[in-house]
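In: 3D, please:
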Amino acid sequence: MSNNSVIILENQTYNSESSVIGEKFKGDGYYGRSDGLHTVQIDTDTITAKIKIQATLAVEPADTDWFDVSLQTTSADIIGYVDTTGAFRSDSVFTSVTVLDLDTYTNIELYNFIGNYVWVRAVIEDWSAGTLNSIRINN
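Out: Next up, the predicted model:
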């Protein structure tokens, strides 16, 4: 992540609360940028929960203005094949998810999403164990 990334949720350890809704943070649309590209880094430690990123187009959003965004990542699986020239080729497999359903998961993952969203936030649901170290966003 570049130096202009912002932590939108950090240091959350399960404490019997099954959900957490993070504060709103400025998205690409807030700045009037046209590419809409956002990158999210999610750092977890043995977490069992559902994590999602939500966005809104509203300048002053109400609870009903938020919606889940589709996160894209490249899979660790690489598809390999031999093309018609006999050369070996490989393509990353892109996957897209709206809710990360994690079961005792520990890792740092990067996801991208595109949209000229004014505000973004992180949400944890169905939380039953573990720690969220941080969620960072770069736009």
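In: helix or strand: which one has the one residue sitting closest to the centre of the chain?
Out: With distances taken as CA atoms, centre = their mean, Val40 lies nearest the centre of the chain, 4.6 Å away. Using DSSP states H and E, Val40 falls within strand 37-56.
In: repeat that for Ile137.
Out: Counting by DSSP H and E, the element that carries Ile137 is strand 119-138.
In: mind listing what that strand pairs with, with the direction of each?
Out: With DSSP bridges as the test, strand 119-138 is paired with strand 6-13 (antiparallel), strand 20-21 (antiparallel), strand 25-26 (antiparallel), strand 37-56 (antiparallel).
In: so what strands line up beside the helix or strand following the strand holding Val40?
Out: Next helix or strand after strand 37-56 toward the C-terminus (DSSP H and E): strand 67-68. With DSSP bridges as the test, strand 67-68 is paired with strand 37-56 (antiparallel).
In: what average pLDDT does the strand it pairs with get?
Out: Strand 37-56 comes out with an average pLDDT of 93.
In: with just CA atoms, put it into PDB.
Out: In PDB, the C-alpha atoms belonging to strand 37-56 read as follows (Å, rounded to 0.1, in the frame of the first residue of the first chain):
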ATOM      1  CA  LEU A  37     -10.200   2.800  -8.100                       C
ATOM      2  CA  HIS A  38      -9.900   1.700  -4.500                       C
ATOM      3  CA  THR A  39      -7.600  -0.800  -3.000                       C
ATOM      4  CA  VAL A  40      -8.300  -2.400   0.400                       C
ATOM      5  CA  GLN A  41      -5.800  -4.400   2.500                       C
ATOM      6  CA  ILE A  42      -7.400  -6.700   5.200                       C
ATOM      7  CA  ASP A  43      -5.100  -8.000   7.900                       C
ATOM      8  CA  THR A  44      -6.600 -10.700  10.100                       C
ATOM      9  CA  ASP A  45      -5.400 -13.100  12.900                       C
ATOM     10  CA  THR A  46      -7.400 -16.400  13.300                       C
ATOM     11  CA  ILE A  47     -10.700 -14.500  12.700                       C
ATOM     12  CA  THR A  48     -14.000 -16.200  12.200                       C
ATOM     13  CA  ALA A  49     -16.300 -13.600  10.800                       C
ATOM     14  CA  LYS A  50     -17.800 -12.100   7.700                       C
ATOM     15  CA  ILE A  51     -16.100  -8.900   6.500                       C
ATOM     16  CA  LYS A  52     -17.400  -6.500   3.900                       C
ATOM     17  CA  ILE A  53     -16.800  -3.100   2.600                       C
ATOM     18  CA  GLN A  54     -19.700  -0.800   2.100                       C
ATOM     19  CA  ALA A  55     -20.000   2.400   0.100                       C
ATOM     20  CA  THR A  56     -22.500   5.200  -0.500                       C
END
